[in-house]
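>>> Mind folding the following:
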Amino acid sequence: MQPSVLRVSVVLCTLVLSAIATALGGSSRSRTVTPLSLISLVVPTNARALGTTEEAVRGIAAIISSHLGLGVPDHLTVHIYGGRLAFEQGLIRDGRVSPLLAAEMSDFAIGVVTRGQVLLYDRPRDRSDREWLRLIAHELTHVAQIQLAGGEGRGEQWLAEGMAEWVAYSTLERLGLDSMGRRRMAATSGLHLHATRLESGLDLEARGTPRGFTDWHTREGALGTYQLAFLMTDYLIEQRGFDRMKAYFASFRNSTDRRGNFDRAFGETILDFEADVLAYLRALSAL
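Model prediction:
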């Protein structure tokens, strides 16, 4: 989810906000701030090498840059919040999000990217937990999209989220924690949640804005909507290739024309793609 750092050694510092901790019932870990250098990255051999947040971010950044060609900034600051209220306050303080939007986002989001920062809502878990690593990979993909596009909030939102899921699943597969095949099967099994939508149309033009996508998954459920975005992106990558995906986001450096950039990058309009992918999804749901 995306609304709209001096070469230094990696530093880890933890700041406890007493007011938020009290509101959370005495939580001892409200906010952790980790400034990271993403220079001289080393691709991890397995998930056991990613036991800390620092190791996970650097290792996953190495995977997506080395194996998928996605650029990451030289420096990144990662904020981790130990509760929903801490996350909401962090969106306001660190992400410069309005209080109204922060309250709304904290109800469903577990990660937010702003330029040079990743804000994550964390629950107690093993740092090598598969879903924690998936979340980091998802949000680092948004960081890479910002790098490509030269700014935040550019490109179709359903495609930005679907690509982030696709990259996250590819990363887990490289770490030996999951497989793209299993994720495709899980997403396909959820298509029944969108039976009406598959018959009436996806209205991708409306889902292309951050507000349109948020309204979509608020109404129809986050899990099913993100799975659908993944399936559509997976289909587009299969048909056109991942390099076209990168070129699409990079095109926003020169033009903010959403429809034109999609057409030029993928060789078809958004409306034509919607017709193609609807036929594909209907066929999948009938299996």
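
>>> okay, CA-based contacts and neighbour counts for the rest of this
Noted.

>>> Then G162 would be within a helix, right?
Yes - counting by DSSP: H, G, I helix; E, B strand; the rest coil, G162 is part of a helix.

>>> List the contacts of it.
Residues near G162 by CA atoms under 8 Å, 6 or more residues apart in numbering: Y226, Q227, L228, A229, F230, L231, M232, T233, D234.

>>> how close does it get to Y169?
11 Å (CA to CA, to the nearest Å).

>>> before we move on, what about A187?
Counting by CA to CA, the gap from A187 to Y169 is 12 Å.

>>> Check P99 too.
Where Y169 is concerned, P99 sits at a distance of 32 Å (CA to CA).

>>> Between the two, tell me which one has more neighbours.
Y169 (25 against 14; other CA atoms under 10 Å).

>>> Domain boundaries for the protein, per the record?
Listed by automatic domain parsing, the domain ranges of the chain are 1-153, 154-287.

>>> end to end, how far does the last one reach?
When you say that, I think you mean domain 154-287. The first-to-last residue distance of domain 154-287 comes to 35 Å (CA to CA).

>>> on that earlier part again, can you redo the domains of the chain as CSV with mean pLDDT?
Below are the domains of the chain laid out as CSV (pLDDT from 0 to 100):
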stretch, mean pLDDT
domain 1-153, 79
domain 154-287, 93
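
>>> Report the secondary structure state of A56.
helix.

>>> Would you enumerate the residues in contact with it?
Contacts of A56 by CA under 8 Å, 6+ apart are A49, L50, S128, L133, I136.

>>> and if we set it to 10 Å?
Residues counted as contacts of A56 (CA atoms under 10 Å, 6 or more residues apart in numbering) are P44, A47, R48, A49, L50, A62, R127, S128, W132, L133, I136, A137.

>>> what residues are shared contacts of G162 and Y169?
In contact with both G162 and Y169: H138, F230, using CA under 10 Å, 6+ apart.

>>> In the helix or strand that contains E238, which of the residues would be classed as buried?
Element membership for E238, per DSSP states H and E: helix 222-240. For helix 222-240, burial by neighbour count (16 or more other CA atoms under 10 Å) applies to 222, 224-237.

>>> Which parts of the stretch 1-150 of the chain are helices?
For the stretch 1-150 of the chain, the helices defined by DSSP state H, counting those that start in this stretch cover 18-23, 53-68, 84-93, 99-105, 130-149.

>>> Save these as JSON lines, and put in distance to W216 too.
Below are the helices of the stretch 1-150 of the chain laid out as JSON lines (distance: least, CA to CA, whole Å):
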{"stretch": "helix 18-23", "distance to W216": "31"}
{"stretch": "helix 53-68", "distance to W216": "28"}
{"stretch": "helix 84-93", "distance to W216": "21"}
{"stretch": "helix 99-105", "distance to W216": "14"}
{"stretch": "helix 130-149", "distance to W216": "19"}
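
>>> nearest to E205, of those?
helix 130-149 (19.4 Å; CA to CA).

>>> That closest one - contacts with which helices or strands?
helix 53-68, strand 75-81, strand 111-114, strand 117-121, helix 157-174, helix 242-250 (3 or more CA pairs under 10 Å, 6 or more residues apart in numbering; DSSP states H and E).

>>> Nearest to D276, out of those?
Nearest of these (CA to CA): helix 157-174, 15.2 Å.

>>> Run the angle between the helix or strand that that closest one is followed by and helix 222-240 for me.
Of the helices and strands lying after helix 157-174 in sequence (DSSP H and E), the nearest is helix 180-189. Interaxial angle, helix 180-189 versus helix 222-240 (axes from the mean of the first three to the mean of the last three CA atoms, to 10 degrees): 120 degrees.

>>> The chain should start at 57 in everything you say after this.
In the new count, where the first residue is 57, that last one comes out as helix 236-245.

>>> For helix 236-245, give me every contacting residue.
Under CA under 10 Å, 6+ apart, the answer for helix 236-245 is 221-230, 246, 279-287, 290, 337, 340-343.

>>> My read is that L254 contacts L340, right?
No - with contact defined as CA atoms under 10 Å, L254 and L340 do not form a contacting pair (11.0 Å).

>>> Among these two, which residue is more densely surrounded?
For L254 versus L340, neighbours defined as other CA under 10 Å are more numerous around L254 (17 against 13).

>>> who are the neighbours in contact with that one?
L254 neighbours (CA under 10 Å, 6+ apart): L247, H248, V333, L334, A335, L337, R338, S341.

>>> Return the entry from the residues you listed with the maximum number of neighbours.
L247 (21 neighbours).

>>> and that residue, what is it in contact with?
Contacts of L247 (CA under 10 Å, 6+ apart): R253, L254, G280, T281, Q283, L284, L287, L337, R338, L340, S341, A342.
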